[in-house]
Structure formats: C-alpha cells, structure tokens
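Student: Here's my sequence, what's the structure:
(2 chains, ligands or ions: 2)
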Amino acid sequence: MKLLRDTWLIFQRQAVLQLRQPVWIFVGIFQPVMYLLLFAPLLKPALEGPLGLTTNAEVYRVFVPGMLVLIAIFGGLFQGFGLIAELRAGVIERSRVTPISRLALLLGRSLRDAMTLVVQAVIITVLALFFGLRTNLGDVLLAYLMLALIALMTSAVSYGVALKVRSEDALAPLMNTVAQPVFLLSGILLPISVEYGAPGWLVNVAKVNPFSWAVDGVRALFAGDIGDPKVWQSLVITGALAALAVVWAARSFARTVR
Amino acid sequence: MVARDKVAAVIIETRGLRKSYRSRQGREVKTVEAVRGVDLRVEQGEIFGFLGPNGAGKTTTLRMLATLIDPDGGEATIAGVDLRTDPGEVRRRIGYVAQGGSTWDEVTAREELTLHARMYGLRKPDAQRRATEALAAFQLTEYADRKCKTYSGGQRRRVDIALGIVHEPRVVFLDEPTTGLDPQSRAHMWEEIRRLRTEGMTVFITTHYLEEADALCDRIAIIDYGELVAEGTPASLKREISGEVVTVGLQPAGVERSEARTTSAAEVLDTQPYVRKLETHEADLRLYVDHGATAVPQIMRALEGAQIPLDSIEVHRPSLDDVFLAKTGRSLREE
Ligand SMILES: Nc1ncnc2c1ncn2[C@@H]1O[C@H](COP(=O)(O)OP(=O)(O)O)[C@@H](O)[C@H]1O
Ligand SMILES: [Mg+2]
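Tutor: Ligands and ions are numbered 1, 2, ... in the order given. Down below sits the predicted model:
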C-alpha cells in the first residue's frame, strides 16, 4: 500500500514535469515519422523478393513494430540524464532523507517513462495508419504492454547506471555502446532469420538478445498472430528482465548516493 | 531526597562514529579518514554548532546521522532511536538540509514543500496546510507560486530550510545554512533558526564561521581532521583560554617577512615571566597573558632591548579562533 502511494507520488511529480515541457511529444515522434517517410518506402521493393511482401500494409506490419521497439530501447536508455541533473540539484538526496520507499523512487520514474513511450507509440501507430498500416486493436494493445515493459527495463537500467557513474560524460558513451549492438542484433530494421537469408551465426547471436524476441513478439501482434508462441515467450522474457532491472536499480537508490 | 539539577534530555548521542572514503587518484587508491571516532551529546531544544574548517568532516558526520551513508563504525542514538538498527524510524523523526541545496528549477516552492511533506507520509490536505504554514514562517508566501529558478540565493536557501522542517521533526540538521549568503540574509537566517528553537526543535548546525558559532549556538563542538578538539558553550570554551591575548605584529602587511626577526622576537618573549604561552602565526606572535594592559609596556621594553622593531600591538579577549588556535595550532580564519 505504502509502495503504491509512494510510487504514485513520484510518478505524479515526474509526469507534471514532463507535461510542462511539451516539446518532448514533438521530439519523440519526429524521428519515427522521418523513418516512415524516408526509409519505409525503400523497404517494399527490397523486401518483396525475400519476404514476399506485396502490400504496404504488410511492409508496415514488419517495419512499425521494429521502430517502436527501437524508440522504447533508446528512449529508456537515455532517461538517466534527467536523473543526473536531479542528483546535482540535490533532489535525490532530499528524497532519500525521507522515509519514502526506495523502490518507489525508481518505479515512479520508470513508470512515467513507460507511459511516455506508450503515448509516443499510439501517436506513431495512428500516423502509420495513414501510410497504409493495417492491424487490429486488441493485439496492438498487448503490443503496447510489451513496449511499456521494454521502456520500464531500459529506463531502470539507465537510472541504475546513472546513479553509479553520476556524470553525463560517462553515461552517454556507455549507453551508446550498449544500445548499438543490442539494436543491430534485434532485427529491428530487417528481420534476422535464416529463411530471409541471414547468415547462421548472426541468427544464433540474435537468439540470445532479449530484444530480438521482443521485436518478434511485437511483429506477431501487429500481424494479428496472437497465438504465435513468440508472443507469450517474449512477454515472459521482457517481463522478467524488467523486474530484474527495477530491483537492481532500486537497490542503487537505497544505497549510498553522493 | 537528593536534590538534583534538572537534567536536560539528550536527543542525539554518538559514540565513536567513524567513516573513511576510498578515492582513486590515478592508479593509487587513497583512504581519507573523514571522521575518526566522534562522540557527541546534543541536548533537546538547543542550537548545537559543529564548527570546523573545510574538509574537517562536518558534512560526513551529518550525512551519517541523517541515514544517507552508513558509518564504518561507532553508534548513534537520535531522538531515542538507534541509527544502525532502525534508520527508517530515524528518518521519520529528523529533518535534513544539505549543504548544496535541494530544489528543482521547474517547480514552485509550494509544490516542493507539499511533495516533501507527503514523502513523510502526510495526507494531501495536511501536507498543503503545512506547506502554507512553512511558507509563511519563512516569509516566502509572496513567491510561493513562482518557479524556484526565479528565486534569489537567500530565498532559495530559505526554501531549503523550510523543506527540512515542513514535517515538524524533533531534530533538524542544517549543513552550512548560511554559507554564501550576504550579511543581511545571514542575520535573517539566524533569526529563523532561533525561532525553530523557540518552537522546541533541536537544531544541529554546521558552520565554518566563528561568529556564527559564537552568536547563534548554545553549545558547540569543534572538529578538525575528523576529530573533536573541543566541546562546550562558546563562553566556557573561551574561558578555558583564561586571561587575554596580545597580538604582536612585527612587520607591516605587504612587506616580505623575515623569518629571522620573528624567531628572535619569539625567543625573547618566550622567556618573559608574564607570558604563559606563545604562538607564532605568520609574521605575528600571539601571547597568552593574565593582564593585557600591564603586559603591553613590558613586551615593548623587551623587544626594544633586543632591538627588534615592532609594527603593531593589540590586546583582545580570547575568541573562538583563539580556542581553535590553542587546540590545533592553526587559525580558522585562514580558511
Ligand atoms: N565522497 C567522497 N569521496 C572521497 N572523499 C570524500 C568524499 N566526501 C568527503 N570526502 C573527504 O572527506 C573529508 C571530509 O569531508 P566533509 O565531511 O565534506 O568535510 P566538511 O563538511 O567539514 O567540509 C574531506 O577530506 C573530503 O575531501
Ligand atoms: Mg561540508
């Protein structure tokens, strides 16, 4: 009960701060829209042969989920910057002298980030409908849950690392270094699969990347394939990792922070 | 019946509190013993001053007492609660105001105070009421709904202190609350801190200003290199340095100082019977004597006899700086 209340307190504060800077909506969807406009048209001719995709609707069902996972990963991983600013202002130390739950300090922030991501994802999905995406609502809602879990995980990791390194100069290269291989090995831009001609070793490496499972799961949902085992498998994997990340980062909030 | 003095309740007691930091300098790992065995007793309802130069270990001690860092050793009881076994309960009973500030630019003082009170478990209407009261008490009502980034340094510092007491704790720790304030804001801050005492709060304040420790605090502890060097009321500490202090200036300021002259003057004066103690301090000599007025002509005569020129001579009652100097051999003023 106390955890819920405390989490709500922090979530509220963080959400209010975000609403006061509405520019994030624009920044958050500008890049995806650029991809939809400038990159997606290249995909249909490129994928027609190997994937046998013939309509725009099909192409977007492959491309939009990947893009949403992409912004969930990157959006989350860079949340730590805000926390470093809060550390510097003394806001974190001030919270830590109160009896507020340490888990709530983390969870309130990460849930705010998950919510932000879902708002972005909804806007992007709606825009993609205009470009020719066709999908059904129920499945997509489950896809949003998966995206929220990804954002929860990546932002928690980012907060945990931020509390350890305490400097933007260290956080930026660290997060980039983690994000690049994770991104390339997740099949976000193009599916990584032997059927589509990917080399076997790359397929195997991608298999151990949880985000690659997540992308497959979200793609299955956008394709209306809710019965695909990839869906529940990816939900379980992402959910478990999100829980681990949250617990780990909350411990950093509880321990010494200068 | 045995007659007894009224014994004031002890609200903070520490025994052997210790903390060291390991910091890396290039390849070397260095250990800094920031606090090395501090024993303190703070009585309920007093303004207790923790005086010491920069780097003495004041902030480290405070952060340990406020549950922000774990001590390496020692124990402490705060408001009746054991720091080691129940830090959560300690948090509920204390307030803490950090040295570096604690407000966020993009929100108002009222929002900060309400949220902070709610973090202590207050319900929303109670938190809002306390916030309004704290704003009024610290003369912040006028700016209460403006974003913190628009405040002056003094206003922002008052918000920090208001945050520390909004939940009406029994003890509040203030880490250098007046550092960086102009003299007028400092005087205001002193008034506000005294008002907290009248409300029955115990105030534990750190400072590196002698005047502040002297004028504001009921009792002080002096810390240097992580160790306590003295403890008592400002008056009793000064009384320990009985008599008066004569400062002998041997050279005008700005002239390159001659070590030889200082040494020979010290040699001459140290053997005088009325000089109880002598300290060399840059180009100055400090002599602890019983009566300044009678010592001055004798000092002048002695120096004249040794043909050592004199620039200035001054008699004063011992200050806390003399206490610090007597205990550590250094002056706090140089910091
Ligand atoms: N996080 C830290 N890591 C390493 N050394 C530290 C750290 N914090 C403080 N110190 C060192 O501990 C000593 C005491 O510091 P501090 O408690 O901040 O002193 P004060 O508040 O009296 O100025 C100083 O030598 C300081 O450099
Ligand atoms: Mg300090």
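
Student: Show the pLDDT at residue 25.
Tutor: Unless you meant another one, I'm taking chain A. The model reports residue A:25 with a pLDDT of 79.

Student: My question was about chain B, not that one.
Tutor: At residue B:25, the pLDDT value in this model is 79.

Student: thought residue B:333 was touching residue B:211?
Tutor: No - look at residue B:333 against residue B:211 with CB atoms under 8 Å: they stay out of range, at 10.7 Å. Every C-beta, even on glycine, is put in place using the N, C-alpha and C of the backbone.

Student: ok, how many other residues are close to residue B:41?
Tutor: Under the neighbour criterion other CB atoms under 10 Å in any protein chain shown, residue B:41 is assigned a count of 15.

Student: doesn't it fall inside a strand?
Tutor: Yes - under the criterion used here (DSSP: H, G, I helix; E, B strand; the rest coil), residue B:41 sits inside a strand.

Student: which ones are touching it?
Tutor: B:10, B:12-13 (CB atoms under 8 Å, 6 or more residues apart in numbering or on different chains).

Student: Flag every buried residue along the top helix by length along chain B.
Tutor: With DSSP state H setting the assignment, residue counts place helix B:183-198 as the longest helix in chain B. For helix B:183-198, burial by neighbour count (16 or more other CB atoms under 10 Å in any protein chain shown) applies to B:185-186, B:188-190, B:192-193, B:196.

Student: What strands flank the next helix or strand after that helix, and is each parallel or antiparallel?
Tutor: Tracing the chain C-terminally past helix B:183-198 and defining elements by DSSP states H and E, one meets strand B:202-207 next. Applying DSSP bridges to the sheet, strand B:202-207 is found paired with strand B:47-51 (parallel), strand B:171-175 (parallel).

Student: Give me the most central residue, chain A.
Tutor: The central residue of chain A, meaning the one whose C-alpha is nearest the mean C-alpha position (CA atoms, centre = their mean), is residue A:72 at 1.9 Å.

Student: My guess is that one contacts residue A:151. True?
Tutor: Yes - here residue A:72 reaches residue A:151: they are 4.7 Å apart, a contact under CB under 8 Å.

Student: Just the pLDDT at residue A:85, thanks.
Tutor: Model confidence at residue A:85, expressed as pLDDT, equals 95.

Student: For it, grab the count of nearby residues.
Tutor: Residues lying near residue A:85 (other CB under 10 Å) number 14.

Student: Three-state assignment for it, please.
Tutor: Classification of residue A:85 into helix, strand or coil gives helix, according to three-state DSSP.

Student: before we move on, back to that, please give the element, helix or strand, for the residue nearest to the centre of chain A.
Tutor: Following DSSP H and E, one finds residue A:72 within helix A:56-77.

Student: Show me what that helix packs onto, helices and strands only.
Tutor: helix A:23-34, helix A:40-51, helix A:102-131, helix A:137-165, helix A:168-184, helix A:210-222 (3 or more CB pairs under 8 Å, 6 or more residues apart in numbering or on different chains; DSSP states H and E).

Student: Report the angle between it and helix A:210-222.
Tutor: Interaxial angle of helix A:56-77 relative to helix A:210-222 (axes from the mean of the first three to the mean of the last three CA atoms, to 10 degrees): 140 degrees.

Student: who's in contact with the least confident helix or strand in chain A by mean pLDDT?
Tutor: Comparing helices and strands within chain A by mean pLDDT, DSSP states H and E singles out helix A:40-51 as the least confident, with a mean of 74. Outside helix A:40-51, the residues that touch it by CB under 8 Å, 6+ apart are A:53-54, A:56, A:59-60, A:62-63, A:131, A:190-191, A:196-197.

Student: The same query, at a cut-off of 10 Å, please.
Tutor: The list of residues contacting helix A:40-51 from outside it, by CB atoms under 10 Å, 6 or more residues apart in numbering or on different chains, reads A:53-56, A:58-60, A:62-64, A:67, A:128, A:131-133, A:189-191, A:193, A:195-198.

Student: Would you quantify the distance from residue A:228 to residue A:198?
Tutor: Computed with CB to CB, to the nearest Å, the distance linking residue A:228 and residue A:198 is 19 Å.

Student: can you check residue B:44 too?
Tutor: 73 Å.

Student: before we move on, what about residue B:43?
Tutor: As for residue B:43, its distance to residue A:198 is 75 Å (criterion: CB to CB).

Student: follow-up on the earlier one: residues of the least confident helix or strand of chain A that come out buried?
Tutor: When burial is assessed from 16+ other CB under 10 Å, helix A:40-51 yields the following buried residues: A:40, A:43-44, A:47, A:51.

Student: filter these down to the ones close to ligand 1.
Tutor: The subset of the buried residues of helix A:40-51 within reach of ligand 1, counting by CB under 6 Å from any ligand atom, is empty.

Student: And the residues you listed, which is closest to chain B?
Tutor: Closest approach between the buried residues of helix A:40-51 and chain B, by CB to the nearest CB: residue A:40, at 36.6 Å.

Student: ok, and the closest non-adjacent residue to the residue nearest to the centre of chain A?
Tutor: Closest residue to residue A:72 apart from its sequence neighbours, by CB to CB, 6 or more residues apart in numbering or on different chains: residue A:150 at 4.1 Å.

Student: ok, residue A:178 - how many residues close by?
Tutor: With neighbours defined by other CB under 10 Å, the count for residue A:178 comes to 16.

Student: Setting aside sequence neighbours, what's the nearest residue to it?
Tutor: Leaving out its chain neighbours, residue A:178 is closest to residue A:77 (CB to CB, 6+ apart), at 6.9 Å.

Student: ok, the one you found - contacts?
Tutor: Contacts here follow CB under 10 Å, 6+ apart; on that basis residue A:77 touches A:151, A:153-155, A:157-158, A:161, A:171, A:174-176, A:178-179, A:182.

Student: Quick one: buried ones out of those?
Tutor: With neighbours counted by 16+ other CB under 10 Å, the contacts of residue A:77 contain buried members at A:151, A:153-155, A:157-158, A:161, A:171, A:174-175, A:178-179, A:182.

Student: The least confident helix or strand of chain A vs helix A:56-77, what angle?
Tutor: With the same axes, to 10 degrees as the basis, helix A:40-51 and helix A:56-77 are set at 110 degrees to each other.

Student: Centre of the chain to helix A:40-51, how far?
Tutor: What separates the centre of helix A:40-51 from the centre of its chain is 25 Å, taken as CA atoms, centre = their mean, to the nearest Å.

Student: Fine, thanks again, bye for now.
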